[in-house]
Structure formats: structure tokens, C-alpha cells
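Just to be clear, the model below is a prediction. Sequence and coordinates:
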Amino acid sequence: MRLSRYFLPVLKENPADAQIASHRFMLRAGMIKQQQAGIYSWLPLGFRVLRKLENIVHEEQVRAGHIPMLMPTLQPADLWRESGRYDDYGEEMLRIKDRHGREMLYGPTNEEMITDIFRAHVNSYKDLPLTLYHIQWKFRDEIRPRFGVMRGREFFMKDGYNFDIDYEHAIHAYNRHMVSYLRTYERMGLQAIPMRADSGPIGGDDTHEFLVLAETGESEVFYDSAITDLKLGDRVIDYDDWDEVAGICREWTTPYARTDETHDEAVFAAEVPEERRRSARGIEVGQIFYFGTKYSEPMGAMVTTESGERVPVHMGSHGIGVSRLVGAIIEANHDENGIIWPEGVTPFHAGIVNLRQGDAATDAACEALYAGLKARGLEALYDDREERAGAKFATMDLIGLPWRITVGPRGLAKGVVELTSRRSGESEEMSAEAAIERLAEIYAPHRGTPVF
RNA sequence: CGGGGCGUAGCGCAGCCUGGUAGCGCGCCUGUUUUGGGUACAGGAGGUCGUGAGUUCGAAUCUCGCCGCCCCGACCA
């Protein structure tokens, strides 16, 4: 993408309304524009990141054997009356009437709707296990939205629902989700720690929240520092292998890690040596629940077992806050100059800065570089504006592309360009070809592939 | 919802107390200049002062209503 033809409305000054780094940088980098309290337009740069995250989530869900679909944002009130949540959910649910006076709501979650779909089409244990998910906009009419997309009212979320014949199968689904989530966050360059949590309005017995450690987190967390050394890495996982999946969950849930809601100081002290006890703040970026027959029973989602018995299906639900993650990633990856995107989620793989726009040789070198990166499947943002070097560097730092290639007459005279890491600030001179080669290597592990 | 604050040019703000129909910085446009970290100079465009009513000869400024936004708290993916 040539910056001169892109839409990147960056702000030089800090917007008054933005309190925390992610909100400030998202506004300054031209990623979002607020339309109402807690409701944002996603401008091109922000949209690219959102799509990258969405794609990673899809890839990891499909890898775990879960099936993508799409449910509507508007739901009929009657469905929620069946589960009893129409009255329970309270003011947080946005209620609407259509022209005929029919009561509807902008869905804050989809347990009722997915259960309705299930009961309409599934009757036998032979169709289980089944896990369906979608990534869709949700709405929760927060009393007080704040922190930009971290706590908006409208938000983009992956929510998945598993249907299983009994408790044991449902727990495997739960474990499978935990592992798939660990891998999802890891690919996004995040360390998200599963912590034992409270179930809240979704209800249920087993539940873990995933928290990203960040100073601006809304929850206080307590954990054994050993947990932050755990890495999934590139181990191959068979999601149908109950023992393997449970083993990975054990690895991550054995070290103490809880939010203030479930924290127990006595247990913390007994289980964790003092030098490994940590307290910090965390941003919740996902949660998994097992809730058994909470919805299937009142809504009549029954299946026939092998022995001919009709039983309510065991369910769980699992969410990842995709739009919130954009903010969480920035909270965990920024400095005073702007964002520092992890390679897995960056909106462009590299930035090209032309230091002498209009100079035939520099222009040609930049064009060749741009084409060369494209040929290797890498997306560059080429700053071809008539701007001074300082302005171009400042923009690149702000929008946080992890790699920058600087092209100027001085370097070209020596036959080199400069490759700079946004994270370390270190630069290295090399030929344009070598820079392309290097970037191709760097991004080799971060290539997404369309999954469905 | 309780408490606090704000709404003046695209963004950040001053002006309001002590009414006389707007100003600064950044950004934008033009020209010159500069050219490896937001260059300098000159010229220029751009404002229903959130909105409605009231007071007044006269309201951005005073009074009341409404709308919107932000912060703290309770609440929350």
C-alpha cells in the first residue's frame, strides 16, 4: 500500500478523551474513530488488525475441530424468555422493538440462539460431539464505557458452544478450548494466563478467564511466576487425544493463578514459595465455561443416548474478545512513541521510508523494494509522501510496524538500505535483496492461511 | 445510577468571572526554503461558539431546560 493513496488520518497531538495508551494510540494512529460512547468505527489500519486477529482465531478454532457459522446480531426476546434470562440480564441488554411491536434485542451473547439451532436439528448422540462458533458483533449497554475498544458497548467477539453427551465429553471440550485459546493468544504475541474465575451471568461450574498482564488491567491477579515460563511453542497437538489435551491444561492450571474474585491468600501462601508469588493487573481477553444443562434443560435441547434414553445435552461456551484484544495487545506492546505490533498481528509486515521523495534513484529503489516484498507475499506500507524524514519516522513509530526499511541517497550510494526493528530500535545496513530475504524469514512462522 | 468536569475551526486549547457578534498552537492549501528524526518564513482557507428558550439595545460570555462526551465510584468480555 502506498501511503499517499491510503487513508491514515494520524494525529500529532493527544486526543483529550483518551486516558490509556491503547486508546490514545489507536486514535492517534488513525485506527478508530469514536461514534458514540463505547461505539467505534474501525478505520482502515484498525480494520486490518481486527481482521488479522479474527483470522488467527478462525485458524485455531478450525484446527481444534470447531465449526464456523454466523448468527444474527438481533435476536427475538422470546428465546431469552425461555431461558429466563430476558428478565435476569437487566439494563445491560439493549432491547428494541420493530415496526410491528415485536420485541427484540441486540445480542450480548448467543447461548439461547445456538441452543435453539441445536434443538431444531440434532436429536441423536450420533451427531455429537459438536462445537459451533461464530465471530460476530455483540452489544452490552455498559453503564460506563471507557478505555476505547477495551471496554466498548459494541464489541467483536468469538463465541463458541460445545454440545456433548455427558460430563466427561463436555470437559474434554472445555480442555480443548483452553488449549486452542493458549495457542491463539501465543500467535498474537501475547501471554494470556488462564485463571480460575467466577461465572457471572453466563452461569456454570467450571470456568477460567484468560488474562494478559498489563498495568492498566481492570482485574487484580495473583499468580505463581512459574506460569509465565510456560510456552506452547510449535508442539503438535492432537485435539482428539483426551489425555494429551488434559495434560496441557494441567500444565497451565497447576501453578496458582487467580483473579481477585477467587483469590485465596492462604492457599496462595501454602502452594507458592514466596519468591515466586506475584500480584499484578490483568486484562481479561477470554473466558471458557462449562455449564452442563443450564440451557438445554429449560429449552428442551435433548438427545437420545445409545440406550434410547432422552437426555439434555451438556454444554459449555467459550469467548474471545477480538476487538478488545486489539487494545490489550497495544497495552502490552508499546513505548512512548507509539505501538509496537507483534509480527503475528501487524497491519503491514514492513514500512518503507523514502527519504528523498522525488529523487529518481531513491524512488526507483523504493518501488523495487515494494515490488520485491510483494512478490514474497509480504505487505509493505510505502511512505511515498512529500514529507521530511522526521515526519515519516514519527508516523512509522506511531503506527508500530515491527520492521522499517529506510531508503535514502546516502545508503544507495553504498548499495544498501537500512532495516530497523521497531521493538529494539536497532538498525542494520544491507542490500535491498537481503532485507527482503530477512523479512521473508522473520515472517515465515506468521503466515496465515485461509481455513474455510 | 451517585459524585465531579467538559462541549469555541479537523485536533489540542484560550476567551466566559467583569456581555460589545472570536483568538492561539498543531493540522490543511499556496509559494519560497529545508532535506537521515515532526524545518523555517510569507500568504491563505476554515467557526450555526453543542442545542432550545429566556434576560438585555446587544449573549461564546448571564439564567433555565435539553442533548452529547469524559473522569472517579458501583458494575462489566
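Looks like it came in fine.

which residues of chain A score low on pLDDT?
A:199-205, A:450 (pLDDT under 70).

burial count for the nearest residue to residue A:397 once chain neighbours are set aside?
Among residues not flanking residue A:397 along the chain, residue A:337 sits closest, at 4.1 Å (C-beta to C-beta, 6 or more residues apart in numbering). Placement of C-beta: from N, CA and C, glycine included. If you count neighbours by other C-beta atoms under 10 Å, residue A:337 ends up with 15.

Would you list the phi and psi of residue A:337?
The main-chain torsion angles of residue A:337 are listed as degrees, to the nearest 10 and equal phi -90, psi -20.

What's the local residue count around the residue in chain A that RNA strand B sits nearest to?
For chain A and RNA strand B, the shortest gap (C-beta to the nearest atom of the strand) falls at residue A:390, measuring 2.2 Å. Residue A:390 is flanked by 8 other residues according to other C-beta under 10 Å.

what does the stretch 51-200 of chain A put close to RNA strand B?
Within reach of RNA strand B by C-beta under 7 Å from any atom of the strand, the stretch 51-200 of chain A has these residues: A:140, A:142-147, A:150-153, A:155, A:157, A:200.

Emit the PyMOL select command for whichever of those residues are buried.
Those of those that count as buried under 16 or more other C-beta atoms under 10 Å are selected in PyMOL with:
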select buried, chain A and resi 140+145+147+150+151+152+153+155+157
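
which one of the residues of the stretch 51-200 of chain A next to RNA strand B is nearest residue A:292?
Nearest to residue A:292, judged by C-beta to C-beta, of those is residue A:200 at 16.0 Å.

correct me, but residue A:253 touches residue A:207?
No. Using C-beta atoms under 8 Å, residue A:253 is not in contact with residue A:207; the gap is 11.8 Å.

Quick one: distance of stretch A:218-236 to the chain centre.
On the basis of C-alpha atoms, centre = their mean, to the nearest Å, stretch A:218-236 sits 17 Å off its chain's mean C-alpha point.

what about the longest strand anywhere in chain A and RNA strand B, any contact?
As assigned by DSSP state E, the longest strand anywhere in chain A is strand A:277-292. Yes. Strand A:277-292 is in contact with RNA strand B by C-beta under 7 Å from any atom of the strand, via A:284-287.

Please identify which two of these are farthest apart in space.
Maximum pairwise distance in the residues of strand A:277-292 next to RNA strand B, criterion C-beta to C-beta, is 8.8 Å, between A:285 and A:287.

sorry, back to before: shared neighbours, residue A:253 and residue A:207?
Common neighbours of residue A:253 and residue A:207, using C-beta atoms under 8 Å, 6 or more residues apart in numbering, are residue A:196.

Between these two, which has more neighbouring residues?
residue A:207 (23 against 17).

Now do the same for that one: helix, strand or coil?
strand (DSSP: H, G, I helix; E, B strand; the rest coil).

quick one, what contacts it?
A:196-199, A:287-290.

tell me which of those residues is nearest to residue A:76?
Residue A:76 lies nearest to residue A:289 out of the contacts of residue A:207, by C-beta to C-beta, at 23.4 Å.

Spell out the residue ranges of the strands in the stretch 251-400 of chain A.
Ranges of strands in the stretch 251-400 of chain A, per DSSP state E, counting those that start in this stretch, are A:257-259, A:277-292, A:302-304, A:310-312, A:314-321, A:334-335, A:338-339, A:350-354, A:380-383.
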